[in-house]
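*Asks:* For reference, the sequence and a predicted model appear below.
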Amino acid sequence: MRTLGIRLPVSCPTRCHHGQARLIRAVQWTRRLLCWSLATGMTTAATELLVTLQANWWPALWPRPWYLTCLTVLTWAILRAREKAAQHPPDDDTLPNHWDQAA
């Protein structure tokens, strides 16, 4: 999320490969969708709590943002893990076949 007046750095603007840039954009869009689905879920939950709606479609509609939130959290976590793995490839010292040679 952005704070007013502060410009956040863009992740590797010129040195990323096309695939990494796509992954970064996917993580950013998934994070935005997560924020919006949380906001929508809280709004519909507050509406359900404060207002008694008699519409037939309301009981099917108000939990849907929460389902979207669950799916978005899982998608964001997977994409974020892939992004972090792509940014920091494992060193030779952290690979399992080098662990027995530590001492």
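*Replies:* Looks like it arrived, so ask away.

*Asks:* Phi first, then psi, for the spatially closest residue to Thr69 that is not a sequence neighbour.
*Replies:* In this structure, Thr69 finds its nearest non-sequential neighbour in Ser37, 4.5 Å apart by CB to CB, 6 or more residues apart in numbering. Every residue, glycine included, has its C-beta placed from N, CA and C. Main-chain dihedrals, Ser37, degrees, to the nearest 10: phi -70, psi -30.

*Asks:* go on, Ala55?
*Replies:* According to degrees, to the nearest 10, Ala55 has phi -70, psi 140.

*Asks:* Burial check on it, number of neighbours?
*Replies:* 8 (other CB atoms under 10 Å).

*Asks:* and if you look at Arg25?
*Replies:* 11.

*Asks:* quick one: contacts for it?
*Replies:* With contacts defined as CB atoms under 8 Å, 6 or more residues apart in numbering, Arg25 has no neighbours.

*Asks:* list the buried ones in the helix or strand of the chain with the lowest mean pLDDT?
*Replies:* When the helices and strands of the chain are scored by mean pLDDT, DSSP states H and E, helix 58-61 comes last with a mean of 88. Counting neighbours by 16 or more other CB atoms under 10 Å, one finds that helix 58-61 has no buried residues.

*Asks:* C-terminal to it, what's the next element?
*Replies:* Remark: after helix 58-61, the chain's next helix or strand is helix 64-87, criterion DSSP states H and E.

*Asks:* Could you list the alpha-carbon positions for the least confident helix or strand of the chain in CSV?
*Replies:* The C-alpha trace of helix 58-61 is given here as CSV (Å, rounded to 0.1, in the frame of the first residue of the first chain):
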residue,chain,number,x,y,z
TRP,A,58,-28.7,-10.9,-0.4
PRO,A,59,-27.9,-14.1,1.5
ALA,A,60,-26.1,-15.5,-1.5
LEU,A,61,-24.2,-12.2,-2.2
